[in-house]
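> structure, please.
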Amino acid sequence: MPWHCWWIVTESAAPLERLRRVRGIAPGFIDYRGREHALSAEALRALLAAMGHREEDERALERAAERLELRDWQRVLPPVVVLRERGRVPFTVLAPLLPRVCWEIRSEQGECLRGEADPATLPVLAERGIGELWHVRLGLELPELEPGYHDLQLEKADGAVLGHTRLVVAPSRCFEPEFIRRGERSWGPAIQLYTLRSARNWGIGDFTDLAGFAEGSAVLGADFVGLNPLHALFPADPALCGPYSPSSRHFLNILYIDPEAVEDFASCVEAQRLLATPEFQARLESLRDSAEVDYPGVTACKLEVLRLLHHSFTRRAAAQRRAAFETFRAEQGEALERFAGFHALQAHFAAAGTLGGWTRWPEPYRAPGGTAALSVLDVETELVEFHCWLQWIARQQLDRVERRARRAGLRLGLYRDLAVGPHAGGAETWGEEGLYALDASVGAPPDALAPQGQDWGLPPMDPDALAERAYEPFITLLRSNMSRHGALRIDHVMALFRQWWVPRGRASSGGGYVHYPLEDLAAILALESHRQQCLVIGEDLGTVPPEVRRAMSDFRIYSYRVLWFERDGAGRFLPPGAYPEASLATVSTHDLPPLAGYLRGTDLELRARLADADAGADAAVATQAGAERAETQKMLLETLTEASLWPVEGGAPAREAAGRGPATLAEATQLYLARAKAALLTLQPEDWLGMEMPVNMPGTHAEYPNWRRKLVMDWPELLASPGVRRLSALVNTARATVVSSIK
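Sure thing, here's the model as predicted:
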């Protein structure tokens, strides 16, 4: 049984029930109304099948349960032990106890520590008889160790090895920058990078835009720039453009590369000539002018030039630059090679008319190390190198953004976003069927916003496989996404504790919760946050179990507070002083329309139009939603009036003593939130522009152009506009006032 299991398994339980418990599947759930729902036997079997337990007869189920129950009793040490600063390492030995156990720690810092213990003097954590043998689990106390990843080995007195494990020692809480610990309050704009317009980009916001936007935000007084996930997508299938359903969360979206900023561009005559042609310039102009990102058009233009630049790099790059690339490739190792191999194969199949991920490829090609896949990759070595090179270029440009942001004065730098999971057919899952449950997807049970439940189409990691791999996939995922001296938002942070699994072919309401080792994962999150000096924010919207609330507080994971949801029992908006200090306050999210659209009900109108073609649409639900939105606007006006940010009836907004105040309802709302006690505040450029259309309509696919809508103004003009400068000055004053009031 995994060491993190908190339930008690009894041999008398029915096999199906024993397997449910040992695999961490919840027996049911409590819905948003407080009603209990038991997990059906049918749903349980479907969940177990998604975990690989497809046994039909009771005896086979019993053997599977018994094997998992006994596994950790029959080995001395588990694959990984996670401690917060200090603690006891559990290990299992047979009775009668050994007279002496020796331990050796090879620390990450290069030290070798040794010691010994008398098992008879150690505390007994648990005992169990298996056949004629009696197993005893003891707690071994070790000397204080530096935070990090260490190797622990246990031996008998004669030197015979008993077992070894990865020992993770974590700090007590996540990292917080000194200026925030001092009580200072900061703010920053939150952008979807692809929405940025400029006169020079190629129809999509890129890393050069981001660097300039960060510098311009620093001038306004911001401390950070919030971003959508920068994860790698699918260049061979540009229609798969959702940043929260990426090919891989370990690598970057190469469409954010600025081709003209690549070092090789200066010496690549072929690329310069192509770019200068009237035909290519016309393509770029059309891409820039479009109100939505034309992903196929952008991808075609960028790859055409980037291929020329890569060809120039292979022929003309100086030895030092070539060596730098090879060093990057070696450091990234097998993970990068597999990623590049996937995208080379996807391009191969896309050229033959097969779009989508590896799950649509012919069976022989679905194994990364298989003969069929290797036969193609052996021919496509240049294409594999090209995808490795693209990641090197993307990483270089993002690193340059972070340096420029710091030099400009953004004290928190970039605030990045980690999606809850990858696309089922992407590079991250290719060859990882043991780690990802590909016959299930993550979602949410039915609630007030989604009465039928939600299915996000993202395969979950198997918690047992994750622990057996010593949490290495989770560790590398954090390292790939944490900006040094920045912040990271964990999308759906409840996934560290439990995830709603929806078995393939079943409605989302027919799923169930699967538990994860919260304490271990949160401790690793704390360790990696200190290593990168990266503040951590957990997106905790929806149903949040008390265990998650306690862990977030204990580990200092910042809460994510959306204005529309911060209400009391009577529906009134919470006062600014009620926001937790360890939180990020925001008006809206990527799943909701901008402020003006939310208040006007633009998203409701869109849903109503879409529902016209849906015979099963519930008119009563739509009517209720409209009434609730009208009540929300009424409550907001009352709140702003009480805060002296809006007049009682008509006329101009209330003015502050300095004679400057909000000019619009959107500005008044943002200034109200700027007074929040929350350490961090994000504002959306869409609200500065009065935009209404959402960037994403959850639950839609082809019906709405999700993840494509751009801003309606070039970002340099936006940041220089009098309205944004006035608002930012008022926000700076409001945030400083919060600090003064707390002190």
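> distance-wise, check the closest residue to residue 545 other than its chain neighbours relative to residue 544.
Distances taken as Cβ to Cβ, 6 or more residues apart in numbering put residue 497 closest to residue 545, at 6.1 Å, once the chain neighbours are dropped. In this view, the C-beta of every residue, glycine as well, is placed from N, C-alpha and C. As for residue 497, its distance to residue 544 is 9 Å (criterion: Cβ to Cβ, to the nearest Å).
> which one's more surrounded, these two?
residue 497 (19 against 15; other Cβ atoms under 10 Å).
> what pLDDT does the residue nearest to residue 545 get?
pLDDT, residue 497: 97.
> over to residue 701?
Here, the pLDDT recorded for residue 701 equals 84.
> helix, strand or coil: sort out it for me.
Put simply, residue 701 is coil when judged by DSSP: H, G, I helix; E, B strand; the rest coil.
> number of nearby residues for it?
Residue 701: 9 neighbours (other Cβ under 10 Å).
> same deal with the one 4 residues further on?
Residue 705 sits with 16 neighbouring residues when counted by other Cβ under 10 Å.
> list the buried residues for the longest helix along the chain?
In the chain, ranked by residue count with DSSP state H as the criterion, the top helix is helix 319-351. Buried residues in helix 319-351, counting neighbours by 16 or more other Cβ atoms under 10 Å, are found at 325, 328-329, 332, 336-350.
> now swap in stretch 168-176 and tell me
Within stretch 168-176, the residues that qualify as buried are 168-171, 173-176, counting by 16+ other Cβ under 10 Å.
> settle this for me: the residue nearest to residue 545 is touching residue 518, isn't it.
Yes. Using Cβ atoms under 8 Å, residue 497 is in contact with residue 518, at 4.2 Å.
> chain neighbours aside, what residue packs nearest to the most centrally placed residue in the chain?
The residue lying closest to the centre of the chain (Cα atoms, centre = their mean) is residue 418, at 1.9 Å. Spatially, and ignoring its direct neighbours in sequence, residue 418 is nearest to residue 481 (4.8 Å; Cβ to Cβ, 6+ apart).
> cool, residue 640 as well?
Nearest to residue 640 is residue 646, by Cβ to Cβ, 6+ apart, at 3.8 Å.
> same thing with residue 698?
residue 591 (5.1 Å).
> residue 129 - how many residues pack around it?
The number of residues near residue 129, taken as other Cβ under 10 Å, comes to 10.
> tell me which element it falls in.
For residue 129, the host element (DSSP states H and E) is strand 124-130.
> partner strands of the next helix or strand after that strand, parallel or antiparallel?
Following strand 124-130 in sequence order, the next helix or strand is strand 133-141 (DSSP H and E). Using DSSP bridges, the strands paired with strand 133-141 are strand 88-94 (antiparallel), strand 124-130 (antiparallel).
> out of those strands, indicate the one that is most buried.
strand 88-94 (a mean of 19; mean count of other Cβ atoms under 10 Å).
> ok, residues contacting that strand?
With Cβ atoms under 8 Å, 6 or more residues apart in numbering as the test, strand 88-94 has contacts from 3, 72-78, 81, 83, 101, 119, 123, 125, 133-142, 152, 154, 162-163, 165, 167.
> go again using 6 Å as the cut-off
Residues outside strand 88-94 that contact it (Cβ atoms under 6 Å, 6 or more residues apart in numbering): 73, 76-77, 81, 125, 133, 135-137, 139-141.
> give the rounded mean pLDDT of it.
95.
> what's around the closest residue to residue 188 other than its chain neighbours, how many residues?
Leaving aside its chain neighbours, residue 188 sits nearest to residue 224 (3.7 Å; criterion: Cβ to Cβ, 6+ apart). Residue 224 has 26 neighbours, counted by other Cβ under 10 Å.
> report the beta-bridge partner residues of residue 224.
Legend: beta-bridge partners of residue 224 under DSSP bridges are residue 413.
> need the contact list for it.
If you count contacts by Cβ under 6 Å, 6+ apart, then residue 224 has 188, 410, 412, 415 around it.
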